[in-house]
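Peer 1: Here is my input; please provide its structure:
(4 chains, ligands or ions: 2)
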Amino acid sequence: MHDLAKHAPTAPDWGALRRDFPILDQTVHGKPLIYLDSGASSQKPRAVIDAISRYYEHDHSNVHRGIHELSNRATAAYEGARERTARFLNADKPSEIVFTRGTTESINLVAATWGERHVGAGDTILLTELEHHANLIPWQQLARRKGAQLLYVPVLGDSGVPDPAKVDELLTPAVKIFAFTHISNTMGTINPAAEWCARARALGVATLVDAAQSAGHCPVDVAAMGCDFLVFSSHKILGPTGIGVLYGREERFAEMPPYQTGGEMIVTVDWHDAKFKPAPHGFEAGTPDVAGAVGLHAAMDYLDAIGRQNIFEHDRDLAAYAYTRLSELGGVRLFGPGTDRAGLVSFLLDDVHAHDVVTLADQHGIALRGGHHCNQPLHRKLGVKSSARASFYFYNTHEEVDRLVEVVEKVRAFFNR
Amino acid sequence: MHDLAKHAPTAPDWGALRRDFPILDQTVHGKPLIYLDSGASSQKPRAVIDAISRYYEHDHSNVHRGIHELSNRATAAYEGARERTARFLNADKPSEIVFTRGTTESINLVAATWGERHVGAGDTILLTELEHHANLIPWQQLARRKGAQLLYVPVLGDSGVPDPAKVDELLTPAVKIFAFTHISNTMGTINPAAEWCARARALGVATLVDAAQSAGHCPVDVAAMGCDFLVFSSHKILGPTGIGVLYGREERFAEMPPYQTGGEMIVTVDWHDAKFKPAPHGFEAGTPDVAGAVGLHAAMDYLDAIGRQNIFEHDRDLAAYAYTRLSELGGVRLFGPGTDRAGLVSFLLDDVHAHDVVTLADQHGIALRGGHHCNQPLHRKLGVKSSARASFYFYNTHEEVDRLVEVVEKVRAFFNR
Amino acid sequence: MDFDFEELYQAVILDHSRKPRNFGALPDATVTVSGDNPTCGDEIALSLKIDAAADKLEAVGFTGSACSICMASTSLMTTKIKGKTRGEAETLLRDFQGMITGQMPESETPKSLGDLRLLSGVRKFPQRVKCATLGWHALKGCLAESGEGKFSVGTGDADL
Amino acid sequence: MDFDFEELYQAVILDHSRKPRNFGALPDATVTVSGDNPTCGDEIALSLKIDAAADKLEAVGFTGSACSICMASTSLMTTKIKGKTRGEAETLLRDFQGMITGQMPESETPKSLGDLRLLSGVRKFPQRVKCATLGWHALKGCLAESGEGKFSVGTGDADL
Ligand SMILES: Cc1ncc(COP(=O)(O)O)c(C=O)c1O
Ligand SMILES: Cc1ncc(COP(=O)(O)O)c(C=O)c1O
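Peer 2: Ligands and ions are numbered 1, 2, ... in the order given. Below you'll find the predicted structure:
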């Protein structure tokens, strides 16, 4: 069994937790909302919404630059969120945490700074076929700019599992960086991140883990994982939109040139020259998203009060249940591993386009996602244009899955009539 | 008289407006808070705070990617904010508005895309000595990368006014881009943006206007101004932190390569190639700050309900009053133009460091800023390390200025005893 | 089944989506424009054989894979434009856009749209407007290309 | 005037800030480290003449321009380290940091800090801690440099 699945001691009161999310208490097209699109973006508990309001009502000011009381409070709030994030990831130091707009910007930052400096002509960048466009195009652009080679660990068909033999074959010292997703947003595959990082490290290969789908759904410990970089978005882990995280091991940050430049990130500036701060501030040009950091802080507190291991098991249970029920229907093509999957299920009905499934589900109050989920080449490899996806969080229930299955049956009946 | 200062018909109820800002109703060190640091970041009215909460409580989802109801609402909210911003600036089309993290990112984006493509060895980039580090270092980095020349329109000493004769001399067809601040954040100078843009345009020179200090303080009309790019930050114009605006004339956006890459900004992606969307989405990789856009929308509505011309006159009045009262004290060095100044005043007491002034003011509940205000080379030119700054918004009052002047007198007395 | 949904997927539309008319490559096409809807993966390539002298869209064909709305809309479109002049096709395009975006009041929807009027329900499904207009973007692209050859248009959106 | 403020700016501190001791270049310095506080523009360059054989900070001088807290803290520091061994200077540095960051309880502040204890009020002004520690960063830099020459340290912060 996967090492993330160790058993947790207490079971949270999921029903009570669900009531913390004001948005879930509404009807859509006359039906109770069933939100199964947390893989795209999670909803926010009252605690997060209120933390943001409270910040603006009491403590807002610009950070770092001021020496008055509000500026002290805003700076403490912002740096406190950094410190909290370091704890959330079990990073060594707060200075290993840089706040960005999200996963996408975090990866762009690494590709444009560390990548720019360390990847040269003929070098290899290794990805898997599971990568979200955010962890694919920045490397593609870097490879094109540098004349580097971009290689992909192939997945084994619909199972969505990267071929272990190919990892052995492709992970060589010629690789400069191995960038891979922890949990696939389309397949629900859980990659053996710690194992891959250990092997990469032994070969002197840097690693970047895309934790967009994992950071809020299971325990993530950068020390145990042994990665060089890890990235995620606040909006997928109960936090506000507009902020995300780049974890970078201290030695890696130290070898990176600045990314964006401007205020807050300088030591001295002259008309024709400037000296830059080290990480984290050297990678945070301009006024940061202070309220976003405050909201993210509240989200991490909320998640850890429940326990990420508890959440992980809850979501996996739901996904396993959905997977089983949908596969029993017949005429449904399911993607991703049959066991040890994370909390999401992508599927296709024979002869029905995903868009049509999603539109009908929406008419029943169910929010699904349809499309390529920013995995266009992967879908192409599977021979499909798109799929429908149900992605779960701890506020979802078995009854909601039952409702989903009912609606999928209706869609099939409608289009086969 | 400056053309921005035309008279407005009705006077808003400033006292009532002030009560819309919950944060202002508090004491700091036992004294009523007097917030004179809006130049660094403005406070937020209830309407903005509530718009953000409401969005998370009712409508949140990821944008563009989904086809369910919440995703439709979130997309409509996000694109509605874009459309609102286009109106706010009198841009031709919503597609001329790109959302960024703020002024700093907007300028970095232009320097890294338009600049990267259009500025070559031997070309000139023209700035003024007034520029904030955000509108200085990205160009400095570009100039160094390209072997281009960076020239500055000098300011006339403490007046903070760019030398008109030097503008004539330096603004030549050798200049690729003239990037300048509309309102100086240190000096309060209001630059003749429309006049400079017209002259640049006649010479085929592109223009970027840093409207960080003007967008929320006076009418800003990109059509009348005739600029190619204009940038500002939400957090300085009553909106949330974490989002900002890049206006780009359609033809300019069309000639720019992408900046960050990833989801949302692509047309098709293959393992080794990708096709990108045009502006605005082509410059917005990843999940955007939807809630930020909603908050910014509310802020623009709030500002325009008051009338930016009214705000402009209110803030100028306060600044002029503060300037006069401070200059009457003696032993105070004042920076920036004596007339036609925007709503802020920077000053220094003889033999007292700005930090000491600001610390004492804070003890009296007054939030000032002390430092180089991200204008380090300008301060160096003026022969000082730092200055103290009082920056005003429509929620400030004459009584607050009186209180400031009292405290400045106390500081002087204390340090001269 | 729900009212809105029934309206969206009427029998004629389902029929066109299952048995698209004029589906298949057009070997003697003078112009081909492909379009794709990046959000959902719809891909359509529309080919026209234009007789410039006679100002006539002599033949039309399309290939690709897409959702039922996109397939039906494109299929219906091809049946309407075959044999028409460029000007007539452009009028159709404008009318369709007016209808699908809701800019044109429902009462004013021209009769000339024929069965295409069955797609008017799409306006209640904002994200599906892109599906309904993808083939039309390709048509617009074909009409705009003065030369001959293969071209592509970007993302489908309502702004035809 | 306010209590906290009076405590921050006591007479001794004002005196040191107006008439800093050991202020001026040290022509025969063996090591010079400059530091600056980018937020406020404080700039300090500290020079030591270290007699390595005798393990003694023989002479000390500093130049620069800074706020009263920074000037006073640096001036007081120079009076305390002149003639001391490296080890003694390092102990002083640790004690000062403990006091200024509040990590060391006020009651435990070593007497050996002398007048430097007058700066303990700074801990109530978080943003001013950087001012009080800038000169000490330079000292730390001087002690860390094994070679001779001119060096610079980054931004002042509490983490000495
Ligand atoms: C004139 C000017 N330009 C740029 C900026 C940078 O704005 P931000 O820090 O929001 O990116 C500021 C504010 O600090 C400013 O006043
Ligand atoms: C695995 C994965 N990586 C990256 C991203 C991109 O995240 P964002 O859009 O928040 O930058 C996502 C989410 O869309 C994702 O699921």
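
Peer 1: What is the burial count for residue 64?
Peer 2: Using chain A. Burial of A:His64 is recorded as 20 neighbouring residues (other Cβ atoms under 10 Å in any protein chain shown). C-betas here are computed from N, CA, C, even on glycine.

Peer 1: Chain C was what I was after
Peer 2: 21.

Peer 1: What of the one 10 residues further on?
Peer 2: Neighbour count for C:Thr74, taken as other Cβ under 10 Å: 30.

Peer 1: The nearest residue to it once chain neighbours are set aside: what secondary structure?
Peer 2: Closest residue to C:Thr74 apart from its sequence neighbours, by Cβ to Cβ, 6 or more residues apart in numbering or on different chains: C:Gly135 at 3.0 Å. At C:Gly135 the chain is in helix, as set by DSSP: H, G, I helix; E, B strand; the rest coil.

Peer 1: Isn't C:Gly135 up against C:Ile69?
Peer 2: No. Using Cβ atoms under 8 Å, C:Gly135 is not in contact with C:Ile69, being 10.3 Å away.

Peer 1: correct me, but A:Gly102 touches A:Gly239?
Peer 2: No. Taking contacts as Cβ under 8 Å, A:Gly102 lies outside contact range of A:Gly239: 10.2 Å.

Peer 1: So for the two, which sits in the more crowded spot?
Peer 2: A:Gly239 (31 against 28).

Peer 1: any idea what that one is structurally, helix, strand or coil?
Peer 2: coil.

Peer 1: Now do the same contact list for it.
Peer 2: A:Gly239 makes contact with A:44, A:48, A:292, A:295-296, A:298-300 under the criterion Cβ atoms under 8 Å, 6 or more residues apart in numbering or on different chains.

Peer 1: give me that answer again for 6 Å
Peer 2: Contact analysis of A:Gly239 by Cβ atoms under 6 Å, 6 or more residues apart in numbering or on different chains lists A:295-296, A:299.

Peer 1: So which of these belong to helices?
Peer 2: Under the assignment DSSP state H, the contacts of A:Gly239 contribute A:295-296, A:299 to helices.

Peer 1: rewinding a little: how many neighbouring residues does the residue nearest to C:Thr74 have?
Peer 2: So C:Gly135, with other Cβ under 10 Å, has 30 neighbours.

Peer 1: Tell me which residues are up against stretch A:378-389.
Peer 2: Contacts of stretch A:378-389 (Cβ under 6 Å, 6+ apart): A:129, A:346-348, A:354, A:357-358, A:368-372, C:40-41, C:65.

Peer 1: out of the residues you listed, which one sits closest to ligand 2?
Peer 2: Ligand 2 lies nearest to A:Arg369 out of the contacts of stretch A:378-389, by Cβ to the nearest ligand atom, at 10.0 Å.

Peer 1: quick one: low-confidence ranges for the stretch 51-200 of chain A?
Peer 2: Residue ranges of the stretch 51-200 of chain A with pLDDT under 70: A:65.

Peer 1: give me the residue from it nearest ligand 1.
Peer 2: For the stretch 51-200 of chain A, Cβ to the nearest ligand atom, closest residue to ligand 1: A:Asn62, 7.2 Å.

Peer 1: for that residue, what are its contacts?
Peer 2: A:Asn62 touches A:287, B:40-41, counting by Cβ under 6 Å, 6+ apart.

Peer 1: Give me the subset of the contacts of stretch A:378-389 lying in strands.
Peer 2: Using DSSP state E, A:346-348, A:369-371, C:65 are the members of the contacts of stretch A:378-389 that sit in strands.

Peer 1: near chain B, from these?
Peer 2: When contact is defined as Cβ under 6 Å from any Cβ of the partner chain, those meet chain B at A:369-370.

Peer 1: among the ones in strands among the contacts of stretch A:378-389, which ones are buried?
Peer 2: A:346-348, A:369-371 (16 or more other Cβ atoms under 10 Å in any protein chain shown).

Peer 1: how about those residues in a markdown table, adding pLDDT and distance to ligand 1?
Peer 2: Below are those laid out as a markdown table (pLDDT from 0 to 100; distance: Cβ to the nearest ligand atom, whole Å):
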| residue | pLDDT | distance to ligand 1 |
| --- | --- | --- |
| A:Ser346 | 98 | 39 |
| A:Phe347 | 97 | 44 |
| A:Leu348 | 96 | 44 |
| A:Arg369 | 94 | 33 |
| A:Gly370 | 92 | 37 |
| A:Gly371 | 88 | 33 |
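
Peer 1: would TSV of those residues with distance to B:Val401 be doable?
Peer 2: Below are these laid out as TSV (distance: Cβ to Cβ, whole Å):
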residue	distance to B:Val401
A:Ser346	62
A:Phe347	66
A:Leu348	67
A:Arg369	54
A:Gly370	58
A:Gly371	56
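
Peer 1: Looking at these, which is nearest chain C?
Peer 2: A:Gly371 (4.5 Å; Cβ to the nearest Cβ).

Peer 1: For the closest residue to chain D within the stretch 251-400 of chain A, which three-state class applies?
Peer 2: As assessed by Cβ to the nearest Cβ, chain D sits closest to A:Val267 within the stretch 251-400 of chain A, at 5.0 Å. Judged by three-state DSSP, the three-state class of A:Val267 is strand.

Peer 1: Distance check, it against A:Pro280.
Peer 2: To A:Pro280, A:Val267 is 14 Å away according to Cβ to Cβ, to the nearest Å.

Peer 1: which residue packs closest to the residue in the stretch 51-200 of chain A positioned nearest to chain D, ignoring adjacent ones?
Peer 2: Residue nearest to chain D within the stretch 51-200 of chain A: A:Ile67 (3.8 Å; Cβ to the nearest Cβ). Among residues not flanking A:Ile67 along the chain, D:Gln127 sits closest, at 3.8 Å (Cβ to Cβ, 6+ apart).

Peer 1: For the residue sitting furthest away from the middle of chain A, give me the pLDDT.
Peer 2: Going by Cα atoms, centre = their mean, the residue of chain A most distant from its centre is A:Trp271, 40.4 Å out. The score at A:Trp271 is 95. That number is its pLDDT.
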